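Enquirer: Provided below for reference: sequence and predicted model.
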Amino acid sequence: MADIENEPLKYPKILELGEIESAINLYLNDYKTKQKDYIQSVKSGDTIKAAKDLADLEVINNILLSGVGMAESTMGEVYPLGIENQRTIQKQNPQLRQMARRLNKQRISLDKVIRENQDIEGEEQSSELESKSSYVKYIFMTILLIIVAALTVRSFIVPNSNSIDTIILIAAIFTALYFLFKKVF
């Protein structure tokens, strides 16, 4: 428990005031507890305990009065400092606004860089998908080329090639031409 009767450590005055307030609150809680004990002692007729509790209440009361005095004197020092700080802030307000504008510009440029990075990542994913798609197309074209070559060789070697082979050959050639024109144009 903080002892407000001793000289507080050399903190900024507002912190000293907070420390004094905390100590006063602790002593107020002790006072309330001791007051309940005193009332209980009086009701029960225990005059010795009641006299002891009353003496404790008087000690706590004196400590509280001294704490309030310290708080008033510290408040007298803190208040003018607060006024001075407000004046300083008012003087530096244009500088703070200028700094805020610079920070906002930097935030906007940072957001732009983040968006560009996201675009680049999206383009990278898109190019990976295109690469995989092209790979599948080339495999399909290779298989199609093998089929066309085999059917072409078969149509020259076998004099009685049927019309189904010819239809498959023509379909394969048109499919290859379609992929070729799609890639070029």
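Expert: Yep, it's here. On a predicted model such as this, the values are computed, not experimentally measured, just so you know. Numbering: from 1, shown residues only.
Enquirer: can you give the domain ranges for the chain?
Expert: 13-116, 129-184 (automatic domain parsing).
Enquirer: reformat the ones you listed as a markdown table; add distance to residue 123 and mean pLDDT.
Expert: All C-beta spots, glycine's among them, are computed from the backbone N, C-alpha and C. Formatted as a markdown table, the domains of the chain follow (distance: least, Cβ to Cβ, whole Å; pLDDT from 0 to 100):
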| stretch | distance to residue 123 | mean pLDDT |
| --- | --- | --- |
| domain 13-116 | 10 | 84 |
| domain 129-184 | 10 | 77 |
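Enquirer: now the ones you listed as JSON lines including mean neighbour count and distance to residue 122?
Expert: Formatted as JSON lines, the domains of the chain follow (neighbours: other Cβ atoms under 10 Å; distance: least, Cβ to Cβ, whole Å):
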{"stretch": "domain 13-116", "mean neighbour count": "13", "distance to residue 122": "10"}
{"stretch": "domain 129-184", "mean neighbour count": "12", "distance to residue 122": "11"}
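Enquirer: what does stretch 133-141 rub up against?
Expert: With contacts defined as Cβ atoms under 8 Å, 6 or more residues apart in numbering, stretch 133-141 is touched by 176, 179.
Enquirer: how about 6 Å then?
Expert: Contacts to stretch 133-141, defined as Cβ atoms under 6 Å, 6 or more residues apart in numbering, come from no residue at all.
Enquirer: got the CA positions of that stretch in CSV?
Expert: The C-alpha trace of stretch 133-141 is given here as CSV (Å, rounded to 0.1, in the frame of the first residue of the first chain):
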residue,chain,number,x,y,z
SER,A,133,-3.1,-23.8,-69.5
SER,A,134,-0.5,-23.5,-72.3
TYR,A,135,1.2,-26.7,-71.1
VAL,A,136,-2.1,-28.6,-71.3
LYS,A,137,-2.8,-27.1,-74.8
TYR,A,138,0.7,-28.1,-76.0
ILE,A,139,0.2,-31.7,-74.7
PHE,A,140,-3.2,-31.8,-76.4
MET,A,141,-1.7,-30.4,-79.7
